[in-house]
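Q: how would this look folded up:
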Amino acid sequence: MHASLDAGLLATASGLTSPEQAATAFRSQPAVLLTRLSRKLQDVRPRAHDRHGIVVNAARVPADSNPGGAAAGTKIVTAAHLPVLAQLGFSVGLTRLDAGAAVRGPWVLRDAAAQAVYVARGSGRVQVAGAGGASTLLDAEVAEGSLLVVPRYGVSLAASDDAGGMELVSLIKSPRPAMEQFTGKGSVIGGLTAEIVQAALNVSPELVEQLRSKY
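A: Numbering: from 1, shown residues only. Below is the predicted model:
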């Protein structure tokens, strides 16, 4: 380690009294980054407080509501759950779609954050519409290992068609993103009166009632 650095300068920088001490301290270990221990270290245990702010059990992060019911759901790990994400400037989305063509969405991020989405398991179909829904940016079958990008203001819809379902992991360019879904409990349609929804969508009262029946 530091074998190519001057021993005298290392001694000065490290507060050692001689270049020989610096050479011993920084050149006795020839390995770089990783090393195989010659003996087992005794009583070495991780300290619980070292985990604070940088490790979270994602299973304890509550999932949002979704019209797909228990078969589909998304958890977003934000700076509120993991403070280090505030420094990094992003958050992590975990989406699960069970087998049987479960559907997630459509949804959009209110703070206009872009997403990089990785298919961690399974396969299915993903659609992404541009801002305002004026254009279809993506309509494709995706499989495990696929990576796609949802741009700012993009509206996403995902459906699983694999026997084992599908899992998506998203890196979201915001430490505290706000996900807005268009249907389902807590959605835009659910938060508006039936009359406003009918006027906004220009549809019949019967269709509005059907859209709102899952709330």
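
Q: Wait, L192 touches A200, no?
A: Yes - between L192 and A200 there is a contact at 7.5 Å, judged by C-beta atoms under 8 Å. Every residue, glycine included, has its C-beta placed from N, CA and C.

Q: Which one of those two is surrounded by more residues?
A: In this comparison of L192 against A200, neighbours counted by other C-beta atoms under 10 Å, the higher total goes to L192 at 15 against 12.

Q: if I pick G122, what's in contact with it?
A: L97, A143, E144, S160, D162, G164, G165, M166, E167 (C-beta atoms under 8 Å, 6 or more residues apart in numbering).

Q: please redo it, this time with the cut-off set to 10 Å
A: G122 is in contact with 96-99, 142-144, 160-168, counting by C-beta atoms under 10 Å, 6 or more residues apart in numbering.

Q: Next step: those restricted to helices.
A: Here DSSP state H is the test, and the contacts of G122 give no hits in helices at all.

Q: Out of these, which one has the lowest pLDDT?
A: When the contacts of G122 are compared on pLDDT, D162 comes out least confident, at 68.

Q: Type out the ChimeraX command that picks the buried ones from the contacts of G122.
A: Only the buried members of the contacts of G122 enter the following ChimeraX selection, criterion being 16 or more other C-beta atoms under 10 Å:
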select :96,97,98,142,160,161,162,165,166,167,168
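
Q: returning to that earlier point: any common contacting residues for L192 and A200?
A: With contacts defined as C-beta under 10 Å, 6+ apart, the residues shared by L192 and A200 are V208.

Q: Could you list every helix and strand that the worst-scoring helix or strand of the chain on mean pLDDT packs against?
A: Across the helices and strands of the chain, mean pLDDT, DSSP states H and E gives its lowest value to strand 103-109, namely a mean of 70. In terms of contacts (3 or more C-beta pairs under 10 Å, 6 or more residues apart in numbering; DSSP states H and E), strand 103-109 is packed against strand 72-77, strand 91-97, strand 115-129, strand 147-150, strand 155-160, strand 166-172, strand 179-181.

Q: Redo these as JSON lines? Include distance to Q42.
A: As requested, these are exported to JSON lines (distance: least, C-beta to C-beta, whole Å):
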{"stretch": "strand 72-77", "distance to Q42": "36"}
{"stretch": "strand 91-97", "distance to Q42": "36"}
{"stretch": "strand 115-129", "distance to Q42": "38"}
{"stretch": "strand 147-150", "distance to Q42": "44"}
{"stretch": "strand 155-160", "distance to Q42": "49"}
{"stretch": "strand 166-172", "distance to Q42": "38"}
{"stretch": "strand 179-181", "distance to Q42": "48"}
